[in-house]
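Visitor: sequence and predicted structure, then a few things I'm wondering about:
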Amino acid sequence: MNKYIKRAVFAFMAVSIMGCSDDFLETYPTDSVSTTEALSSPKNMMAALNGVHRAMYGQSTFEDYSLAAEGYILPMMEYGASDALHSTSGNGWFRSNLRWLVHTDPNRSDMEYVWYHHYNIIGSVNNIINAAIDNEMTVTPELSNILGQCYAYRAWAHHRLVTLYAKSYTYGTPATDPGVPIMTKTAAPFEGQARASVEAVYTQCENDIKKSIEYFENATKADDNSHISMKTAKGIAARIALTKGDYVNAATYANEARDGFALKSENEYKQGFNNFEDTEVMWAGDIVPDQTTYYRAWFYYIGTNFNGSQNRGNPKFINHELYKLIGDNDYRKDMWLETAPNTIDVEFDDDGNVISGDDNYATSTEFWAAWRNVVDEYEMTTSFNTYPYMSVKFRNANGGTIDPDDVLYMRASEMYLIEAEALAMQGGKDTEAIAVITELANARRKDNTVAYDVTARGLSLIEEIKVQRRIELWGEGHRWVDMKRFDEALDLTNSGADETLYQKGFKQDKPSINSDWIYKIPQAEINANPNISEEDQN
């Protein structure tokens, strides 16, 4: 498997872990700085680990991929699912993803990039883990912090890969379903591994995250939210357990992970989700000005007011059916503008009357006044389109620019949702589940005198929790995996999506009977790895 866990560049200056080689999943660095030199002390290991942190959001230099890691992958895992929708093709970014033409094609560069990104992270932390083991280093609190983070990264990356490139654990046959290669070594022979079973990958993830938590018990404190902490590790453990259907551990880990985090106030919630130090943030990329990814940034792909052609021409909007489920007393409803003017499709007659494209306005005067209000309030430029139900959730702190903002990987509210779902799925714990989801929903009320009623929508408890999850985590990179594990079909009828734009991505059968929900193994990996053949393709 060569070329993807490739050159983990561990120079002392803590540069990012990018590079090239002829092989596809190589597990040993090939640059001039040897592993022995680069990883000879906890100080140097932390410098290398900082390169891993940067690789989580930095713009890749791998071959011709200029994509920016989680800033690209998180929106990719929303588009093509049901809730974060495109108003038009805009400049073309993600159009093929919407149409289900990318993840179903092993020759697409996106499939190579997602594979590469995660195995590159794995290869990098493997070097640190194995250097500590091979050199029999004394486990100090500082080294415990480093190893805790490395094992957490390895668990997180394998878990992400198995949720995308394999059948879901909960409806598949995990003991025999092919998962992804498990990579833990940094020694010869340097060749790719076969696909392990889904069960084996989950076992590896569980073992790694348990080791991570054990190391954190005696570790120094995380520097900030861009580093993995004990709480973050337990959040990763909660995700692993939830997708496995291990609801007891999912509830326990999620409860422990969110302990000590306050939920955002209404004012904090509406600040744009752009600061790694926000109240609820558990894990995020701290992007400093000289590390901007420009037009590969998270906010370029899904933001409201980043000054790029993807944003200006193609406002992202919420599924209309989901929007209807949001109560008027829920301030999250303000994250989408139901009556934003439709500058993409509107037509006027010679007298300035609206004749098609927007039923909310009668005249051009009303229409453009409303457009101006949106542009001014959300710090756009006059080049921006607006669109009904458009999102204003993700906003640049300095609107109308391409200034970099932070990328959020995990928030405490997700842990509330995991805990509530896991309790509800256990049976006999509905009261506890209701208490958890009520705490989150009450925190999202505009009027504190009107209490949240878990039965108000007339849904079962688990369906109510799923709706809360869709609302709360909209656009944050969860929806694709959620639809897979819930075994939900895709149907964008009445969503507001354009069937001509979405094509194959407008309707798809549920994952348990539709293998197109599973990402294709990159053809380049099959070509290079003697242990994966065409017969192993999804």
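Guide: Cool, got the structure.

Visitor: what's the burial count for residue 270?
Guide: 16 (other Cβ atoms under 10 Å). Just so you know, the C-beta spots here come from the backbone N, C-alpha and C atoms, and that holds for glycine as well.

Visitor: check contacts around it.
Guide: 331, 334-335 (Cβ atoms under 8 Å, 6 or more residues apart in numbering).

Visitor: turn the residues you listed into TSV, columns for neighbour count and pLDDT.
Guide: Converted to TSV, the contacts of residue 270 look like this (neighbours: other Cβ atoms under 10 Å; pLDDT from 0 to 100):
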residue	neighbour count	pLDDT
331	18	97
334	14	98
335	23	98
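
Visitor: which of those sits closest to residue 229?
Guide: Nearest to residue 229 among the contacts of residue 270 is residue 335, at 27.8 Å by Cβ to Cβ.

Visitor: would you mind measuring from that closest one to residue 214?
Guide: Counting by Cβ to Cβ, to the nearest Å, the gap from residue 335 to residue 214 is 39 Å.

Visitor: now do the helices in the stretch 1-150 of the chain.
Guide: 35-38, 42-55, 70-76, 95-98, 109-134, 141-165 (DSSP state H, counting those that start in this stretch).

Visitor: pick the most buried one from those.
Guide: Highest mean neighbour count among the helices of the stretch 1-150 of the chain (mean count of other Cβ atoms under 10 Å): helix 141-165, with a mean of 25.

Visitor: now it against helix 42-55, angle please.
Guide: Angle, helix 141-165 to helix 42-55, by axes from the mean of the first three to the mean of the last three Cα atoms, to 10 degrees: 30 degrees.

Visitor: starting at the chain centroid, how far to helix 141-165?
Guide: Its chain's average C-alpha position is 15 Å from that of helix 141-165, according to Cα atoms, centre = their mean, to the nearest Å.

Visitor: same question for that helix, mean pLDDT?
Guide: Mean per-residue pLDDT for helix 141-165: 98.

Visitor: list the contacts of residue 147.
Guide: Applying Cβ under 8 Å, 6+ apart, we find residue 147 in contact with 128-129, 132, 139, 211-212, 215.

Visitor: tabulate those (TSV), appending distance to residue 529.
Guide: Listed next are these as TSV, based on distance: Cβ to Cβ, whole Å:
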residue	distance to residue 529
128	24
129	23
132	28
139	34
211	27
212	28
215	31
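
Visitor: for those, which one is nearest residue 433?
Guide: residue 212 (27.2 Å).

Visitor: so how many other residues sit close to the closest residue to residue 78 other than its chain neighbours?
Guide: In space, and not counting its chain neighbours, residue 78 is closest to residue 84: 4.1 Å by Cβ to Cβ, 6 or more residues apart in numbering. By the measure other Cβ under 10 Å, the count of residues near residue 84 is 23.

Visitor: distance check, residue 84 against residue 155.
Guide: Distance from residue 84 to residue 155, by Cβ to Cβ: 27 Å.

Visitor: swap in residue 177?
Guide: 19 Å.

Visitor: now swap in residue 92 and tell me
Guide: Counting by Cβ to Cβ - residue 92 and residue 155 are separated by 35 Å.

Visitor: domain map for the protein?
Guide: 35-81+98-220+519-531, 287-405, 409-491 (automatic domain parsing).

Visitor: deepest-packed of those, please.
Guide: domain 35-81+98-220+519-531 (a mean of 21).

Visitor: rewinding a little: redo the contacts of residue 270 as JSON lines? Include secondary structure and distance to residue 396.
Guide: Converted to JSON lines, the contacts of residue 270 look like this (DSSP: H, G, I helix; E, B strand; the rest coil; distance: Cβ to Cβ, whole Å):
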{"residue": "331", "secondary structure": "helix", "distance to residue 396": "21"}
{"residue": "334", "secondary structure": "helix", "distance to residue 396": "18"}
{"residue": "335", "secondary structure": "helix", "distance to residue 396": "15"}
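
Visitor: which among these gets closest to residue 385?
Guide: Proximity of the contacts of residue 270 to residue 385 (Cβ to Cβ) peaks at residue 335, which lies at 18.2 Å.

Visitor: look up phi and psi at the nearest residue to that closest one once chain neighbours are set aside.
Guide: Excluding the flanking residues, the one nearest residue 335 by Cβ to Cβ, 6+ apart is residue 393, at 4.2 Å. The phi/psi pair for residue 393 (degrees, to the nearest 10) reads phi -70, psi -50.

Visitor: test my guess that residue 393 contacts residue 474.
Guide: Yes - the criterion here is Cβ atoms under 8 Å, and residue 393 meets it with residue 474 at 6.7 Å.

Visitor: okay, and the common contacts of those two?
Guide: Common neighbours of residue 393 and residue 474, counting by Cβ under 8 Å, 6+ apart, are residue 335.

Visitor: packing partners of whichever strand or helix holds residue 417?
Guide: In the assignment (DSSP states H and E), residue 417 maps to helix 412-426. Secondary-structure packing of helix 412-426 (3 or more Cβ pairs under 8 Å, 6 or more residues apart in numbering; DSSP states H and E): helix 230-244, helix 247-258, strand 281-285, helix 430-443, helix 461-472.

Visitor: closest to residue 55 out of these?
Guide: Closest approach to residue 55 among the helices and strands packed on helix 412-426 is made by strand 281-285 (9.8 Å; Cβ to Cβ).

Visitor: next one: that closest one to chain centre, how far?
Guide: 12 Å.

Visitor: so the spatially most distant residue from the centre of the chain, which state does it fall into?
Guide: Going by Cα atoms, centre = their mean, the residue of the chain most distant from its centre is residue 351, 47.2 Å out. Under DSSP: H, G, I helix; E, B strand; the rest coil, residue 351 falls in the coil class.

Visitor: low pLDDT regions in the stretch 51-200 of the chain?
Guide: 61-66, 188-190 (pLDDT under 70).

Visitor: now swap in the chain and tell me
Guide: The chain contains residues with pLDDT under 70 at 1-37, 61-66, 188-190, 291-293.

Visitor: show me the helices in the stretch 201-350 of the chain, by range?
Guide: With helices called from DSSP H, counting those that start in this stretch, the stretch 201-350 of the chain shows them at 230-244, 247-258, 266-269, 298-302, 309-313, 320-324.

Visitor: possible to save these as JSON lines with distance to residue 531?
Guide: Shown next, in JSON lines, are these (distance: least, Cβ to Cβ, whole Å):
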{"stretch": "helix 230-244", "distance to residue 531": "25"}
{"stretch": "helix 247-258", "distance to residue 531": "32"}
{"stretch": "helix 266-269", "distance to residue 531": "48"}
{"stretch": "helix 298-302", "distance to residue 531": "35"}
{"stretch": "helix 309-313", "distance to residue 531": "39"}
{"stretch": "helix 320-324", "distance to residue 531": "43"}
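
Visitor: wait, which of the ones you listed is closest to residue 534?
Guide: Residue 534 lies closest to helix 230-244 among the helices of the stretch 201-350 of the chain, at 27.9 Å (Cβ to Cβ).

Visitor: rewinding a little: quick one: closest of the helices of the stretch 1-150 of the chain to residue 267.
Guide: Of these, nearest to residue 267 by Cβ to Cβ is helix 70-76, at 24.7 Å.

Visitor: which secondary structure elements does the closest one contact?
Guide: Packing partners of helix 70-76 (3+ Cβ pairs under 8 Å, 6+ apart): helix 109-134, helix 298-302, strand 407-411.

Visitor: redo these as a markdown table? Include distance to residue 380.
Guide: Listed next are the helices and strands packed on helix 70-76 as a markdown table, based on distance: least, Cβ to Cβ, whole Å:
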| stretch | distance to residue 380 |
| --- | --- |
| helix 109-134 | 28 |
| helix 298-302 | 13 |
| strand 407-411 | 21 |
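
Visitor: which stretch among these comes nearest residue 446?
Guide: So among those, strand 407-411 is nearest, using Cβ to Cβ, at 20.4 Å.
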